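Asks: A structural model of the following input is requested.
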Amino acid sequence: MSATNYLNLSFERADGKVFNMTVQDYKPELTNLEILDAIAAIFEANVFQPEGYDLVKVNDATKVSITKDIVTPG
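Replies: Here you go, the predicted structure:
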């Protein structure tokens with residue numbers, strides 16, 4: 001069995017489009033408050049300008065966990 005965890009951070013751009021950022025293998029023990037603090041810090045730092053557009057709003061953060069359990073015959 002294998003597990004994959006990632007965190008999807010979603011922002012709104014100045015042109016109204018959505019910009020998503022994925023953090024792979026984040027620490028699953030992070031609290032929601034820690035994640036919200038991190039996404040706010042990323043937004044406030046204003047270091048990402050996808051296709052030249054500023055990020056104008058934090059949409060949300062989604063924790064994703066995928067567990068694969070491979071079953072084989074025999």
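Asks: Tell me the bridge partners for residue 10.
Replies: residue 20, residue 60 (DSSP bridges).
Asks: need the contact list for it.
Replies: 18, 19, 20, 21, 58, 59, 60, 61, 62 (Cβ atoms under 8 Å, 6 or more residues apart in numbering). For every residue, glycine as well, the C-beta is placed using N, CA and C.
Asks: Recalculate using a threshold of 10 Å.
Replies: Contact partners of residue 10, counting by Cβ atoms under 10 Å, 6 or more residues apart in numbering, are 18, 19, 20, 21, 39, 57, 58, 59, 60, 61, 62.
Asks: Tabulate those residues (CSV), appending pLDDT, neighbour count and distance to residue 12.
Replies: Output for the contacts of residue 10, formatted as CSV (pLDDT from 0 to 100; neighbours: other Cβ atoms under 10 Å; distance: Cβ to Cβ, whole Å):
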residue, pLDDT, neighbour count, distance to residue 12
18, 98, 11, 6
19, 98, 17, 8
20, 98, 11, 11
21, 97, 15, 13
39, 96, 20, 12
57, 97, 11, 4
58, 97, 16, 8
59, 98, 15, 6
60, 97, 11, 10
61, 97, 18, 14
62, 96, 13, 15
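Asks: Most widely separated two among the residues you listed?
Replies: 57 and 62 (15.8 Å; Cβ to Cβ).
Asks: Mind jotting down where the helices sit in the protein?
Replies: 32-45 (DSSP state H).
Asks: Give me the residue at the spatial middle of it.
Replies: Nearest residue to the geometric centre of the chain (Cα atoms, centre = their mean): residue 8, 2.0 Å.
Asks: Can you tell me the closest non-neighbouring residue to residue 68?
Replies: Distance criterion Cβ to Cβ, 6 or more residues apart in numbering; nearest residue to residue 68, sequence neighbours excluded, is residue 2 at 5.1 Å.
Asks: Roughly how far does residue 34 sit from residue 47?
Replies: According to Cβ to Cβ, to the nearest Å, residue 34 and residue 47 sit 20 Å apart.
Asks: Looking at those two, which is more packed in?
Replies: The residue with more neighbours, out of residue 34 and residue 47, is residue 34; 11 against 8, by other Cβ atoms under 10 Å.
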